[in-house]
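Asks: quick one: sequence and predicted model below, then my questions.
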Amino acid sequence: MAAVSDPIDVDRVRQRFQACHQGHVFEYWDTLTVSQQAALLHQTSALSEGLADLVEGQRKAVAALDAVPDAAEISAPEPIRLPQGSEDERRLAEARETGLGVLRDGRVAMCVVAGGQGTRLGFEGPKGAYPLGPVSDRCLFALQAQKIRGLARRAGCRIPWYVMTSAATDAATRALFEEQGNFGLNPDDVFIFSQGMLPAWDFEDRLILSEPHRIAESPNGHGGAPLALAVSGALEDMEARGIDRLFYYQVDNPLIRMGDAVFVGLHEEIGSEMSCKVIRKREAADKMGVVAEVRGRPTVIEYTEIPPDLRDLRGDDGELVYWAGNIAIHLFNRDFLRRIAAESERCLPFHASPKAIESVDSDAKNRASVGPNGYKLERFVFDALPWAERTCLMEVRAEEEFSPIKNAEGKDSPESSRAQLVARYRSWLGQAGIEVPPGVEAIEVDHSVIDSPADVMESGFSDLADAGKAILVSTGSTGTGMDA
Ligand code: UTP
């Protein structure tokens, strides 16, 4: 680090920070060791060029916390509903054929965002490493890899998996993939890339030092995905492989219907640039962003930002007018992602959320009781939606496709998610005409070979006489009944 011994560099960077009223980050400079000075200079140099924009962006994000959207500009969107009759069924069957064609042509890749810190879950390690398999305890990544292997086999082509990490999860995720042999996927089809970080701010618009030589930072939100896909070379990699569609989902939803052919087909038939699956909110107060039309553009409004009278509004049929909850499952056109990546500053503004942030100015151990001491900034990927020329919103059933793991216990926890998986597989077995003995508590399906009740039937799996408390539905007539 020759730069440290060069006082001009330090002075230049320090002046930039002073000009943006952030000179305090060098407050401890004279007390730091040489390597600590090097670390701080490295971090501040990287931030200095865009610092003025960063300060401005965070101020706007904080101001937006109090802004109430103008209800007159908001109206209900018109998603493609769950099928109501044979005409709808026919349309979706057609879309499925279209989607299968796109998949078979090898035009679709999978992308999981797995860079979050998973603070609410409180699991040691990246969320993707969480052991969720109801019978096997396989981790979330392993369960998803099974689905990708199954999808690739059925489509008869290679399906790359783009895995977004962050500084918080990258090393552990890479180590896990290495240790687990990429979960059975061809290493050439696994592309791990890291998103950027953003600094944290106190309530006086000042950068927070987590240590005397370090500015507190956190991952820049799932909205960091378009830019990270671009700068990591993932979009180029897609192009070289002839892939122009990216199926995007979150690591913590084990019910994900990977590369859903109907969704892919509707996206294609509509000529959509960005598509979005939605579920029907049960209660107005459900903590989930809703898709609405804002000034005529489909837009996701966070549950914290929707005016209460709109949130609670019901139509003549008694149903919520703003019922379309966003479940963060999207399909993107590659060219659209490139456009958004180039214009992230404009299209994906920062969102600020008050958090307890480790700081040299506060006792870290007391953070929970003291409460938030500043803001973390994030970009949200769904902010890209109104920028798409065309979009497709598709309603799906929550019990079939959405089971997020957010909390350590209770709602949206591993326990509730596992129960939902087991209920789903119990229903598959039932549809395949297989009576599950009442004593069975855990059921799991190997998605690399089975992806529907029809597959269960074809697999020849039937004999549950010795099932014990757990069933692993696997391939061939050798379906295994195992004790948990
Ligand atoms: P959440 O916003 O639920 O965050 O992320 P989280 O990290 O999982 O959990 P908390 O809020 O700290 O408790 C939803 C999805 O977006 C990804 C997460 O990994 C998860 O798949 N994500 C979130 C990122 O990839 N990067 C981020 O910066 C934030």
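Replies: Received it, and whenever you're ready, just let me know what you need. All values derive from a computational prediction rather than experimental measurement.
Asks: where along the stretch 101-250 of the chain do the strands fall?
Replies: Under the criterion DSSP state E, counting those that start in this stretch, the stretch 101-250 of the chain contains strands at 108-113, 161-165, 190-194, 197-199, 201-202, 209-211, 214-215, 217-219, 245-250.
Asks: against Met164, how distant is the residue of the stretch 251-400 of the chain found nearest the ligand?
Replies: Proximity of the stretch 251-400 of the chain to the ligand (Cβ to the nearest ligand atom) peaks at Val251, 4.0 Å away. (Glycine included, C-beta is placed from N, CA and C.) As judged by Cβ to Cβ, to the nearest Å, Val251 and Met164 stand 9 Å apart.
Asks: spit out the residues that contact the two alike.
Replies: Val112, Val113, Ala114 (Cβ atoms under 8 Å, 6 or more residues apart in numbering).
Asks: so which strand or helix has the nearest residue to Ser413 once chain neighbours are set aside?
Replies: Among residues not flanking Ser413 along the chain, Asn407 sits closest, at 4.8 Å (Cβ to Cβ, 6 or more residues apart in numbering). Here Asn407, judged by DSSP states H and E, is contained in no helix and no strand.
Asks: ok, Asn407 - contacts?
Replies: Contact partners of Asn407, counting by Cβ under 8 Å, 6+ apart, are Arg120, Leu121, Ser413.
Asks: which one of the residues you listed sits closest to the ligand?
Replies: Lowest distance from the ligand to the contacts of Asn407 (Cβ to the nearest ligand atom) belongs to Arg120, with 3.3 Å.
Asks: what about the closest one, how many residues close to it?
Replies: By the criterion of other Cβ atoms under 10 Å, Arg120 has 13 neighbours.
Asks: then Gln84?
Replies: Neighbours of Gln84 (other Cβ under 10 Å): 8.
Asks: around the ligand, which positions in the stretch 1-150 of the chain sit nearby?
Replies: Val113, Ala114, Gly115, Gly116, Gln117, Gly118, Thr119, Arg120, Lys127 (Cβ under 6 Å from any ligand atom).
Asks: the first one against Asn253, yeah?
Replies: What it means is Val113. No - Val113 is not in contact with Asn253 according to Cβ atoms under 8 Å; the separation is 10.7 Å.
Asks: of the two, which one has the most company?
Replies: Val113 (25 against 20).
Asks: look up how far Ser194 lies from the more buried one.
Replies: Distance, Val113 to Ser194, by Cβ to Cβ: 11 Å.
Asks: where do the contact lists of the two overlap?
Replies: Met164.
Asks: what is the burial count for whichever residue of the chain sits closest to the ligand?
Replies: Nearest residue of the chain to the ligand, counting by Cβ to the nearest ligand atom: Gly116, 2.1 Å away. Neighbourhood size, Gly116 [other Cβ under 10 Å]: 25.
Asks: show me what contacts it?
Replies: Neighbour list for Gly116: Lys127, Ser166, Ala168, Thr169, Pro219, His222, Val251, Asp252 [criterion: Cβ under 8 Å, 6+ apart].
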